[in-house]
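Participant: sequence below, structure please.
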Amino acid sequence: MVRAKKVKVKGTKVRRVKPFKLIHLNTFGINNKIDEIEILMQDKKPSIFCVTEHHLNNDQAKLIKIPGYSVGNMFCRKTKNKGGAGIFIKDNIHFKPIDVTSFCMEGDIELTAVEIDDSNLNVMTVYRPPSGNFSTFTRYFHDALKKLSTKEDKVILVCGDFNVNLNETLDCHQKRLKTDFLKLIKQFNLECTVKEDTRVTERTSTLIDNILIDVNRVKAKTKVFDTGLSDHKAQEIVFKEFYIKTKKNKSHLLQRVYNKKNTDTFRSFLETKDWTPIKTADNAKDAFENFFNNVTSSFLAAFPKTKVKIKKHKKETNWITKGIKTSRNTLHFLSEEYRKNSSLKNKYKKYKKVYLEVLKLAKWKENRAKIIKATNKQKEMWKIVKEIENKEIYNKSNVLESLKFENNNDSKWEKNQ
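Facilitator: Numbers count the residues shown, from 1 in each chain. Sure, this is the predicted structure:
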């Protein structure tokens, strides 16, 4: 069983998460599938979501956002298109990225990794392109596993698309790859937990995606399910119990209050200050220092930082309706069936096209409702835009504070306090 000691850290809490779930999926492109992935995350609620073949470059990776999740680590190609590996982690989980870029070789092995704080778990996601050099893959993969297992108490969980068919096959080349791959992971006491085919097409059915763990140290269950997002099925592993440190939401913060009372006090302080030294100063530098000190001391006295309770945000409207979930289930059913019966392929494609249009309309209606209800509609519009772009939301209150002598000089004034 994987466990971590309960550690109390200021501003955080340690809670028992049961169960701890990880999902891996070869998305074959993620940028245009965020709405569908959001539905998947809300339904399955994994602690960690690992992806391969996300097809993002470094600039796109900075903007990608799955609601409720943070980018734990990401490998993106620089010289070629497509490919890639990424790890998304639930917002309330503490983690550290692990640098494994020295073990990556575009077109041969692409991987990324994270360490889950206050646990003995390292997670690595791997993508091996099918046309890549297998010898290069095994050499770099071995070295990456060696780095992750330097500490004996660490448990390694590896998931990904290895493009090594692990089911019963008569192909001599695939048999050799399978044998070499299994020998390699056995050196680190890792075993394949997925036993059923993960990529099913109209012509082939292969087991090329997997989740690797030390089954002697970790008690977990795995399963495979169709998402309709690509021709790969997702793999899910669930630990029966797991201790992780989660972030505790702040209930208060320190900020300056700019009300009429404090503004009047500020004016009063300025009026009582002795400004004579400014007029009698020998040079401009001394005059400015006197002026600056008078304003600074008055400002800090009139607008002290006080503890303010953070308002709880109202629950956002959920655009993922029961109807959408039902349509998604129907899409998954058609996705499974058309692989068995090719005559259903056109029906599946038409249904998926309509389904994606429904998602866009639902998202549009939700955003429209937010804007209509908002007191400051322009601000709400920009908030939605920034959320989509995954950029920091620009807070107009910063502008108001800058007019009230706060802005970038606040840190300087604090030093002079």
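Participant: what about D153, how many residues nearby?
Facilitator: Using other Cβ atoms under 10 Å, D153 is surrounded by 7 other residues. Heads up, the C-betas are built off the backbone N, CA and C, glycines and all.
Participant: cool, D35 as well?
Facilitator: 17.
Participant: shouldn't it be within a strand?
Facilitator: No - remark: D35 does not belong to a strand; assigned using DSSP: H, G, I helix; E, B strand; the rest coil, it is helix.
Participant: need the phi and psi values for the nearest residue to it once chain neighbours are set aside.
Facilitator: Nearest non-adjacent residue to D35, counting by Cβ to Cβ, 6 or more residues apart in numbering: L359, 4.6 Å away. L359 adopts backbone torsions of phi -60, psi -40, taken as degrees, to the nearest 10.
Participant: any idea of the pLDDT on L359?
Facilitator: You'll see L359 listed with a pLDDT of 87.
Participant: tell me how many other residues surround it.
Facilitator: L359 has 19 neighbouring residues, counting by other Cβ under 10 Å.
Participant: distance of it from D180?
Facilitator: 43 Å (Cβ to Cβ, to the nearest Å).
Participant: leaving out chain neighbours, which residue sits closest to K21?
Facilitator: P46 (4.4 Å).
Participant: dihedrals phi and psi, the one you found?
Facilitator: Dihedral angles (degrees, to the nearest 10) for P46: phi -70, psi 150.
Participant: you'd agree it is up against I37?
Facilitator: No - applying Cβ atoms under 8 Å as the test, P46 and I37 come out as separate, 11.0 Å apart.
Participant: surely F239 touches R217?
Facilitator: No - using Cβ under 8 Å, F239 is not in contact with R217, being 11.1 Å away.
Participant: what's the neighbour count on A113?
Facilitator: Using other Cβ under 10 Å, A113 is surrounded by 26 other residues.
Participant: which residue ranges of the stretch 301-417 of the chain form strands?
Facilitator: For the stretch 301-417 of the chain, the strands defined by DSSP state E, counting those that start in this stretch occupy 305-309.
Participant: who's more crowded, F239 and R217?
Facilitator: Neighbours were counted for F239 and for R217 using other Cβ under 10 Å; F239 has more, 22 against 13.
Participant: and the spatially closest residue to that one that is not a sequence neighbour, how far from K240?
Facilitator: Nearest non-adjacent residue to F239, counting by Cβ to Cβ, 6+ apart: F20, 4.3 Å away. Remark: distance between F20 and K240 (Cβ to Cβ) = 8 Å.
Participant: ok, now V358?
Facilitator: 37 Å.
Participant: go on, L157?
Facilitator: From L157 across to K240, the span is 15 Å (Cβ to Cβ).
Participant: between those two, which one's more packed in?
Facilitator: Neighbours were counted for L157 and for K240 using other Cβ under 10 Å; L157 has more, 27 against 13.
Participant: tell me the secondary structure at that one.
Facilitator: The three-state label given to L157 by three-state DSSP is strand.
Participant: quickly list what it is bridged to.
Facilitator: V123 (DSSP bridges).
Participant: quick one, what contacts it?
Facilitator: The contact partners of L157, by Cβ atoms under 8 Å, 6 or more residues apart in numbering, come to L22, L121, N122, V123, M124, I211, L212, I213, V218, I237.
Participant: how about those residues in CSV, adding pLDDT and distance to K305?
Facilitator: Conversion of the contacts of L157 to CSV gives the following (pLDDT from 0 to 100; distance: Cβ to Cβ, whole Å):
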residue, pLDDT, distance to K305
L22, 95, 42
L121, 87, 39
N122, 92, 40
V123, 94, 40
M124, 97, 43
I211, 96, 49
L212, 95, 51
I213, 93, 48
V218, 80, 47
I237, 94, 46
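Participant: thanks a lot, see you next time.
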